[in-house]
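> can't give you the sequence, but here's the structure:
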């Protein structure tokens, strides 16, 4: 049975294209990480190498496994498979196996670079194995976890979101507000309470993928191999549990998604459809999984950092400072604001509102849309509404952080206004490029990764090798430089190029949108497209 899923995945044009993109981006990412000198000295590799590869694995798992599996039940064509001899559990496991295999191949594509580090003495062979296996493992956990979360009933997700909010609040209190003074805080509690809490916090810091990677790369192998094997074993067990839960929930989620009546129980007044039904639909579509947890986490930390900036020397001595000082050394307000703007640009680049998970679904949607009187501007407005709905919270947090930096003396008023204008241009450029890809039928994931991961990484590499002027020509670099981190006005050239490119791409995309959509539909109708 699994052979049929792998054969279908190998013949899928969309998956082939996405796979090539991911391999290219992953290899460039690993080369960039190594080129930054993060591998450390021979015999003593820095944990940052493992941390960055782990981050890459988590992102790749979320897209290669999580995106595919969450979109799978959205297609009503799945109903034919669900009534065939292929049972729902087998269908889920087959699709998951293909996704995990793709993730493994992408992860292994960086192995030649790591092998070179082993040959020249920067890494031990076991270190190279760990920084390959752990990213794949936690990429798989992330992707399957996203799918299982999407499959759960709405009531479960609501309560789960509340639980995650409590965990975020606990992290902000323990890891940020208390920080390096956590032991002092806990010493004020009775020993029966304070000691177990302190040990629990220490355990949580050590026994997570980032903590285990750091311990492995810093300690002797003989001191950490038992803990690493136990941690990897628990991680594999978690993958097995997620596979079981996902396979058990696929059929129920499919029925809930397509056949359960959609009843609004909030009691609030729903916005009218108005004269832009496509925009109304696109906003509702992206609002189903709004990603509020990421907003809460980023917003909570940045608001505390803004309070730290405003307090200045009056920040209480019993509250943590170490993590804020680390932010100051890493670029401060400019760096955090740049990251927030890039997070806001993710839905603009990926075009969640209008993009379909596969070519078959897109054909069915265009079959209806192209029969209407919708104009290119209607598609544009719908995409803007959806992207703004998903990304505006990050822009609001960035604005609050920028104002705090100005009031706290970290930014001048001119730098704040320049950064604000550049942020608008960067978001607009990412949106224009994403909309152009949507109209032409190009793969959204490849372009989105290039814009939101590739360009920032390239900017960091250019800064590290002393080419700050070249880095500031790139959109992330011009935004970072506009916030006062540039030694000259090179960032202005980058902002001008960003504005000019945005105008050219937007005009061309709007002018050719209808023609390209119809051409794509004509080319793929009856072509046996396999998504």
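Noted; the coordinates are in hand. Bear in mind that the values here come from a model prediction, so they are computed numbers and not experimental data. Numbers count the residues shown, from 1 in each chain.

> tell me where the stretch 1-150 of the chain has helices.
2-11, 13-35, 47-61, 68-71, 78-82, 88-108, 111-119, 125-151 (DSSP state H, counting those that start in this stretch).

> what's the closest of the ones you listed to residue 356?
Nearest to residue 356, of all the helices of the stretch 1-150 of the chain, is helix 68-71, at 8.2 Å by Cβ to Cβ. (C-beta placed from N, C-alpha, C; glycine too.)

> mind listing what residue 409 touches?
residue 312 (Cβ atoms under 8 Å, 6 or more residues apart in numbering).

> measure it to residue 484 for me?
Residue 409 is 11 Å from residue 484, where distance means Cβ to Cβ, to the nearest Å.

> next: residue 154.
45 Å.

> these two - which one has more neighbours?
residue 484 (19 against 11; other Cβ atoms under 10 Å).

> hang on, the more buried one in a helix?
Yes - under DSSP: H, G, I helix; E, B strand; the rest coil, residue 484 sits within a helix.

> I'd guessed it sits against residue 412; true?
Yes - using Cβ atoms under 8 Å, residue 484 makes contact with residue 412 at a distance of 7.0 Å.

> show me the contacts for the most centrally placed residue in the chain.
Nearest to the mean C-alpha position of the chain, counting by Cα atoms, centre = their mean, stands residue 59 at 5.7 Å. Taking Cβ under 8 Å, 6+ apart, we find residue 59 in contact with 139, 449, 453.

> quick check, the last one in contact with residue 29.
Pointing back at residue 453 there. Yes - if you go by Cβ under 8 Å, residue 453 and residue 29 touch, sitting 7.1 Å apart.

> re earlier: out of the contacts of residue 59, who's nearest residue 462?
Taking these together and measuring to residue 462 by Cβ to Cβ, the closest member is residue 453, at 15.2 Å.

> where does that closest one land on pLDDT?
In this model, residue 453 is scored at 79, pLDDT.

> neighbours around it, how many?
Neighbours of residue 453 (other Cβ under 10 Å): 20.

> for it, give its distance to residue 21.
Taking Cβ to Cβ, one finds residue 453 at 11 Å from residue 21.

> also residue 54?
21 Å.

> who's more crowded, those two?
residue 54 (21 against 18).

> flag the shaky bits of the stretch 101-250 of the chain, pLDDT-wise.
Residue ranges of the stretch 101-250 of the chain with pLDDT under 70: 219-224.

> what segments of the stretch 351-500 of the chain are helices?
359-369, 376-407, 413-440, 444-449, 455-464, 468-471, 475-480, 490-524.

> return the most buried member of those helices.
helix 475-480 (a mean of 29; mean count of other Cβ atoms under 10 Å).

> which other helices and strands contact that one?
helix 332-350, helix 413-440, helix 455-464, helix 490-524 (3 or more Cβ pairs under 8 Å, 6 or more residues apart in numbering; DSSP states H and E).

> what's the closest of those helices to residue 371?
helix 490-524 (10.9 Å).

> quick one: that closest one to helix 455-464, angle?
Helix 490-524 runs at 150 degrees relative to helix 455-464, counting by axes from the mean of the first three to the mean of the last three Cα atoms, to 10 degrees.

> helix 490-524 vs helix 13-35, what angle?
160 degrees.

> show the average pLDDT along helix 490-524.
In this model, helix 490-524 has a mean pLDDT of 88.

> give me the angle between that helix and helix 376-407.
Going by the same axes, to 10 degrees, helix 490-524 makes 150 degrees with helix 376-407.

> residues touching the residue nearest to residue 56 when sequence neighbours are not counted, list them.
Nearest residue to residue 56, sequence neighbours excluded (Cβ to Cβ, 6 or more residues apart in numbering): residue 29, at 5.6 Å. Residue 29 makes contact with 52, 56, 110, 453-454, 457, according to Cβ under 8 Å, 6+ apart.

> go again with 10 Å.
By Cβ atoms under 10 Å, 6 or more residues apart in numbering, the residues touching residue 29 are 52-53, 55-56, 59-60, 110, 113, 449, 453-454, 457-458.

> then residue 317?
Contacts of residue 317 (Cβ under 10 Å, 6+ apart): residue 181.

> how about the secondary structure of residue 317?
Applying three-state DSSP: residue 317 is coil.

> so for it, what's the pLDDT?
Looking at residue 317, the pLDDT reads 84.

> measure it to residue 523 for me?
67 Å.

> ok so, going back, redo the helices and strands packed on helix 475-480 as CSV? Include distance to residue 243.
Output for those, formatted as CSV (distance: least, Cβ to Cβ, whole Å):
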stretch, distance to residue 243
helix 332-350, 26
helix 413-440, 32
helix 455-464, 32
helix 490-524, 33
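
> looking at these, which is closest to residue 12?
That would be, of the helices and strands packed on helix 475-480 and by Cβ to Cβ, helix 490-524, which comes in at 13.3 Å.

> packing partners for that closest one?
Contact analysis of helix 490-524 by 3 or more Cβ pairs under 10 Å, 6 or more residues apart in numbering; DSSP states H and E lists helix 359-369, helix 376-407, helix 413-440, helix 468-471, helix 475-480 as its packing neighbours.

> now those in JSON lines, with mean pLDDT and distance to residue 348?
Compiled in JSON lines, the helices and strands packed on helix 490-524 are given as follows (pLDDT from 0 to 100; distance: least, Cβ to Cβ, whole Å):
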{"stretch": "helix 359-369", "mean pLDDT": "78", "distance to residue 348": "19"}
{"stretch": "helix 376-407", "mean pLDDT": "90", "distance to residue 348": "4"}
{"stretch": "helix 413-440", "mean pLDDT": "90", "distance to residue 348": "4"}
{"stretch": "helix 468-471", "mean pLDDT": "82", "distance to residue 348": "22"}
{"stretch": "helix 475-480", "mean pLDDT": "89", "distance to residue 348": "12"}
